[in-house]
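Visitor: Need a 3D model of the sequence below.
(chains A and B)
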Amino acid sequence: MASTTPSGNDRKFTFGGLVLDVFTVAYFAFALFPIIWIFLLSLKSQDQLFTTYFAFTPTLEPYKAVLGLSSATESVPFMRYFLNSLIASFGAVFISLLVGVPAAYAFARFKFRGSNDMLFTLLSFRFAPELMVIIPVYVIYQKLHLFDTHLGLIWVFQLITLPLIVWILRSYFQDLTPELEQSALLDGYTRTQAFIKVVLPLVKPGLAAAALLAFIFAWNSFIFPFILTGSNAQTVTVGALAFMGGAKPRYNLTAAASIISLIPPMVLALSIQRYLVRGLTFGAVKG
Amino acid sequence: MATLALTGIRKEYGKVIALQDLSLDIKDGEFFVLLGPSGAGKTTTLKVVAGLEEPTLGTVSINGRDMANVEPQARRVAMAFENYALYPQETVYDNISFPLRSKRYYRDPAEAKSLIDKVTITLGINHLLQRLPRELSGGQKQRVALARVLVRPADVLLLDEPLSHLDAKLRAAMRAELKSLGELQSTTSLYVTHDYLEALALGDRIAVLREGALVQVGTREDLWHRPIDTFVALAFGQPRINLISGAVTGGTFRHNGGDLAMALPNHDIADGTEIQIGLRPRDLVLGAQDGMPQINGRVWVIEPIGRQREVTVDIGGDTHVAVVTPDQDTAIDSLVTVSCPPSRVLVFDAATGKRIPARNEGWAPIADVPAGEVARG
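Guide: Sure, this is the predicted structure:
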């Protein structure tokens, strides 16, 4: 029956296919298990925290506590950390786009003195461990009064977001034939107009991908906010840990905080998903 | 309406010299063709004129005005790129109207529409206006690129191989059409191609480029009948011109290793000079003809080309001579005699490749062979 319907699964059963399927399932279990574990942890009450693995009475108390909705007074202002994270991450991505898009375009189109060195320097921000620079940055921030401020965080996040955006977008710009802009120039537009009207719409998928990645990296950054913020500008990554301190570590609250802080990157990823599809450039030029 | 002059243009990309000492003087309204193999610097020349590439040395002037510090968008130059450079996110209509929406060439939408309709109907792409470039065939894209150039006012049109991606039939039709387009007739145009038929058919004058240097500039008659060297002679004509190497003794050419001897009464050549004689396959006749020098040989290959045949004759000394003939009887391996009209013999210096002109060349009546060539294509 299945073999006669065109919509049926025509794939031949093979041993290799089976092995692949088993591995896929195993990988998913491996990759998803920590998330499931954390999710379950976030539904446990304080009493059952250490007594049980899977059999427990689910409760939303940890979420209420984290969000400051429970009657018990909560010493950790998690919602403020959440807002701090949003401000710092969006701010960092915004500044990086502002600076990085023109920079990436220049790197892609023009050969100028020191261009390779500058590109490499940007890349080195990514592969040098953050711990290497954190002490001097801490001292500088103290002197400049940038310690524990949103501006300071946005600034230091440029080490994370700017290289990503420049490197990703540079390759997108390079893929576009320069003749598109040249044609626009001859059609009576200035270079800036040509860039905005012709080039920018074509790198929209790259823009979306780079901005999303940069946002996620900034959002998940731990070391910088850990060292460079106090109570004022602290972010969720550091804030979630606050629940673990003290005489009675409340892992369930940390878990709930983690789950909550998953939301913005996920919402962002899902909402710009359609821009992540490449293919607009297809058919631009022959070939 | 403009004249275009290039003076001593040199363009280097690092160590590579793309153009050297290129000077051209293009008259107002002239249709000027740049012909050359790939890598000859044709596209670079167009980009230098457009201001998209800065020449290392030399000046470009349009209407007598030095363009050195004039931005590309201010040069009133339109260019059709070889890779079309259509804006992928815009429809065909928006692509063509793109220049008309700029500040510099602005037309109100109604006027733009009538201009676009006119040019797209001429080019036969009127039914494609709402499509995106990726939904077009190569030939259609090329015509859209051409429409975008023709729709706007320009002093100089730069056309980079605008017919190269069309199929043979459409290309022949478009070649004829291009000639009849008013915009192209009246606007100074610089047209780049590697197809000698296009050059002969379209060019008021033709410049042949090789490795970034100008080899010869002239009318189609100049280039066909008076090529400056073997490179130009080989660039025009299919099958290519036959070149036979030999030496001159007592005013007579003797083919190296073959038994061909041909008197060259109209040329003054010192004894012992190594030369090549050039014979166009289309000028040669199978069979002995009165008063014509003759070459004997054996038929090597026969290729039918339409109503005619291309017969390759082995004349000894590792040399083959192609003849285009209506003759249908000759068979492979048969012994044949090839005759050639003496006025059509081109003589080249073997050492330099330069042509040695005949004494009376200035007055020799010359039939319009290229027109016949074009009709064939």
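Visitor: just how off-centre is the host helix or strand of residue A:125 within its chain?
Guide: Using DSSP states H and E, residue A:125 sits in helix A:115-127. The chain centre lies 20 Å from the centre of helix A:115-127; the measure is C-alpha atoms, centre = their mean, to the nearest Å.
Visitor: ditto for stretch B:164-176
Guide: Using C-alpha atoms, centre = their mean, the offset of stretch B:164-176 from its chain centre is 15 Å.
Visitor: And stretch B:302-322, by the same measure?
Guide: In terms of C-alpha atoms, centre = their mean, the centre of stretch B:302-322 is found 24 Å from the chain centre.
Visitor: For it, buried residues please.
Guide: Across stretch B:302-322, burial judged by 16 or more other C-beta atoms under 10 Å in any protein chain shown covers B:308, B:309, B:310, B:311, B:312, B:313, B:314, B:315, B:316, B:319, B:321, B:322. Just so you know, the C-beta spots here come from the backbone N, C-alpha and C atoms, and that holds for glycine as well.
Visitor: tell me the secondary structure for the last one?
Guide: Counting by DSSP: H, G, I helix; E, B strand; the rest coil, the backbone at residue B:322 sits in strand.
Visitor: From residue B:261, how far off is it?
Guide: Remark: distance between residue B:322 and residue B:261 (C-beta to C-beta, to the nearest Å) = 20 Å.
Visitor: helices or strands up against the helix holding residue A:125?
Guide: Judged by 3 or more C-beta pairs under 8 Å, 6 or more residues apart in numbering or on different chains; DSSP states H and E, the packing partners of helix A:115-127 are helix A:78-109, helix A:150-175.
Visitor: Make a markdown table from the ones you listed and add mean neighbour count, mean pLDDT and distance to residue B:98 to it.
Guide: Output for the helices and strands packed on helix A:115-127, formatted as a markdown table (neighbours: other C-beta atoms under 10 Å in any protein chain shown; pLDDT from 0 to 100; distance: least, C-beta to C-beta, whole Å):
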| stretch | mean neighbour count | mean pLDDT | distance to residue B:98 |
| --- | --- | --- | --- |
| helix A:78-109 | 20 | 95 | 20 |
| helix A:150-175 | 22 | 94 | 20 |
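Visitor: which intervals of the chain have sub-threshold pLDDT?
Guide: Reading this off chain A. A:1-11, A:52, A:71-74, A:276-287 (pLDDT under 70).
Visitor: that answer is for a different chain, and I need it for chain B
Guide: B:1, B:362-377.
Visitor: Isn't residue B:341 up against residue B:282?
Guide: No - look at residue B:341 against residue B:282 with C-beta atoms under 8 Å: they stay out of range, at 11.0 Å.
Visitor: re the thing from before, tell me what the helix or strand just after the helix holding residue A:125 is packed against?
Guide: On the C-terminal side of helix A:115-127, the closest following helix or strand by DSSP H and E is helix A:130-144. Applying 3+ C-beta pairs under 8 Å, 6+ apart, one finds that helix A:130-144 contacts helix A:150-175, helix A:223-228.
Visitor: What lies in contact with helix A:130-144?
Guide: Contacts with helix A:130-144, where a contact means C-beta atoms under 8 Å, 6 or more residues apart in numbering or on different chains, come from A:146, A:147, A:152, A:156, A:159, A:223, A:224, A:227, A:228.
Visitor: Then stretch B:38-49?
Guide: A:182, B:4, B:6, B:9, B:11, B:18-19, B:22, B:34-36, B:53-55, B:60, B:77, B:79, B:82, B:156, B:158, B:160, B:190, B:192-194, B:209-213.
Visitor: Three-state assignment for the most centrally placed residue in chain A, please.
Guide: The centroid of chain A falls nearest to residue A:216 when counting by C-alpha atoms, centre = their mean (0.8 Å). Following three-state DSSP, we place residue A:216 in the helix state.
Visitor: how close does it sit to chain B?
Guide: Going from residue A:216 to chain B by C-beta to the nearest C-beta, to the nearest Å gives 27 Å.
Visitor: ok, that residue - contacts?
Guide: By C-beta under 8 Å, 6+ apart, the neighbours of residue A:216 are A:265, A:269.
Visitor: What is the helix or strand containing residue B:312 packed up against?
Guide: Taking DSSP H and E as the definition, residue B:312 sits inside strand B:308-314. Packing partners of strand B:308-314 (3+ C-beta pairs under 8 Å, 6+ apart): strand B:294-305, strand B:320-325, strand B:335-339.
Visitor: quick revisit: can you give me the buried ones in the helix holding residue A:125?
Guide: Across helix A:115-127, burial judged by 16+ other C-beta under 10 Å covers A:119, A:122, A:125.
Visitor: Could you do stretch B:102-118 as well?
Guide: B:102, B:105, B:107, B:112, B:115, B:116.
Visitor: go on, stretch B:352-364?
Guide: Buried, per 16+ other C-beta under 10 Å, within stretch B:352-364: B:353, B:355, B:356, B:358.
Visitor: on that earlier part again, now render the contacts of helix A:130-144 as TSV, adding distance to chain B.
Guide: Below are the contacts of helix A:130-144 laid out as TSV (distance: C-beta to the nearest C-beta, whole Å):
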residue	distance to chain B
A:146	41
A:147	46
A:152	39
A:156	37
A:159	34
A:223	41
A:224	38
A:227	45
A:228	42
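Visitor: just to revisit the earlier point, of the contacts of stretch B:38-49, buried ones?
Guide: By 16+ other C-beta under 10 Å, these give A:182, B:4, B:6, B:9, B:11, B:18-19, B:22, B:34-36, B:53, B:55, B:60, B:77, B:79, B:82, B:156, B:158, B:160, B:190, B:192-194, B:209-210, B:212 as buried.
Visitor: Sort out for me which of these are in helices.
Guide: Secondary structure from DSSP state H places residue A:182 of the buried ones among the contacts of stretch B:38-49 in helices.
Visitor: Can you tell me the element residue B:207 falls in?
Guide: strand B:205-210.
Visitor: which residues touch that strand?
Guide: Residues contacting strand B:205-210 (C-beta under 8 Å, 6+ apart): B:22, B:24, B:26, B:30, B:32-37, B:40-42, B:45, B:199-200, B:214-220, B:223, B:231-232, B:235.
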